[in-house]
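A.B. asks: Here is the input, now give the coordinates:
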Amino acid sequence: MIIVGGTYSEICFEPIWENIYGSGFRAVSMILENNNSYEVDFYTCADSKEIKGHLDYFENLYPKLKNHITEVFKSPEFHYDHPLKTPTIVPRPDLYDAKGICLNVKGEDILAYGLIEASIKIEGKRVVYDPQSPVNPIPFSSTDSNAEQLVTIVNMAEAKKITGTDDIENIKGYFFDKEKSYALIIKMGAKGAFLYKAENTSPIKIPVFETKNVWPIGSGDVFSAFFAFNWFEGKDIESSALLASKATALYCNSQDLSFNKGLELFSFNELIINEVPTGQIYLAGPFFTFSQRWLVNEVWNTLKGFGLKVFSPFHDVGHGKAKDVVGKDIEGLDKSEVVFAIVDGLDSGTLFEVGYAICQKKKVVAFVQNEGEESLKMLEGTNCIIERDFTTAIYKLYWTIAKR
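C.D. replies: A predicted model of the protein is given here:
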């Protein structure tokens, strides 16, 4: 198996995470952790310092791995405020002359990811291509590459950028007619994925699985890599996609790239979410200080980014005297189906809103990091979903309102 892709530093502020992965190297790590005798040729770029040393160490660890490294002036770093935030890339992508460096690769079975620092040219029998860029995704046909059988894997943002449309029929037409894809997988985040085959106009729904924890950094890399591995090993397209979704769930739940035992004991519930939930979410939380307003605004932007309808007292009502704001807040609560509550600080207004929602039999997702179990006893006893990880709290909110 040939893997083409980036090797990058990944640094997350909350929760703290600092590792060397990137799409290409994460795929290599995943394949070899599940089958350490598998033959992998890895084509990537690296600077002459930490990244190259890391790749050399890994090559010595796995005798069936062969690295093909093209040197660049600086390997990119991805800096995340949190896993759901668009990362800052250092150095800026526009400082790289991607056209000046081209990775030319020929082989039978090739998994290819888009890179920031280089272009690619692929000649393969079976190719899985993931452009890996919501900002500037490069279609396979624009890389001057060829594949006898091409499976394209994109998220919806990438599909819109490449095709210039959000109409699913036009998107399908582009990838099957212009790109000559054998199959198309569109990843839909919390909704799972849709698989399209050239000979079948109806989508095959690939479910998402309801995990205990959610770590999304690298989840798309894992999906594409595990899909490719299984397809190259002879499994059909549908089975490979379902296994990829299960492997992605295991990774998101644990950050572990070894799936063999997890797949044997797989027990996460399947969720089929066909449409973005339309019910309103009430965003409860104090907004008296800069840090409080920043967090409320971050939750609001994140939920909006998921396409959800949100009522926020901070955004929709604002500050004011009790007689001016309370009635509007209560009206917003009455019209909402689920409450997302920022509980740190035990703000009296937020706790009132939580209690009011519980009395109305509404579900409450509480995000809290600094309060002890004793302070959360009433929330726990009324079956609130209590989460101390921001990303997990957001996903569980999405799944909760989708199930309603």
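A.B. asks: What is the least confident helix or strand in this structure?
C.D. replies: Within the chain, confidence by mean pLDDT, DSSP states H and E is lowest for strand 200-206 among all helices and strands, at a mean of 84.
A.B. asks: the domain parsing of the protein - what is it?
C.D. replies: Per automatic domain parsing, the structural domains of the chain span 2-271, 280-403.
A.B. asks: Using TSV, please lay out the ones you listed together with mean neighbour count.
C.D. replies: In this view, the C-beta of every residue, glycine as well, is placed from N, C-alpha and C. Formatted as TSV, the domains of the chain follow (neighbours: other Cβ atoms under 10 Å):
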stretch	mean neighbour count
domain 2-271	19
domain 280-403	17
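A.B. asks: Gly173 and Asn60: what is the separation?
C.D. replies: Plainly put, Gly173 is 47 Å away from Asn60 if you go by Cβ to Cβ, to the nearest Å.
A.B. asks: Which elements pack onto the least confident helix or strand of the chain?
C.D. replies: Here strand 200-206 is seen to pack against strand 193-197, helix 237-254 when contacts are counted using 3 or more Cβ pairs under 8 Å, 6 or more residues apart in numbering; DSSP states H and E.
A.B. asks: Taking strand 193-197 as reference, get the angle to the last one.
C.D. replies: If you take axes from the mean of the first three to the mean of the last three Cα atoms, to 10 degrees, helix 237-254 sits at 160 degrees to strand 193-197.
A.B. asks: Past helix 237-254, which element shows up next along the chain?
C.D. replies: Sequence order places helix 260-264 as the next helix or strand after helix 237-254, per DSSP states H and E.
A.B. asks: Pull the residues that contact the next helix or strand after that next one.
C.D. replies: Per DSSP H and E, the first helix or strand lying C-terminal to helix 260-264 is strand 269-271. Here strand 269-271 makes contact (Cβ atoms under 8 Å, 6 or more residues apart in numbering) with Gly192, Pro207, Val208, Phe209, Glu210, Trp399, Ala402, Lys403.
A.B. asks: List the contacts of the third one.
C.D. replies: Right, the one you point to is Val208. By Cβ under 8 Å, 6+ apart, the contact list for Val208 reads Ala190, Lys191, Gly192, Ala193, Ser245, Ala249, Glu270, Leu271, Ile273.
A.B. asks: ok so, going back, so for Glu148, which of the helices and strands packed on strand 200-206 sits nearest?
C.D. replies: Glu148 sits nearest to helix 237-254 of all the helices and strands packed on strand 200-206, at 14.9 Å, using Cβ to Cβ.
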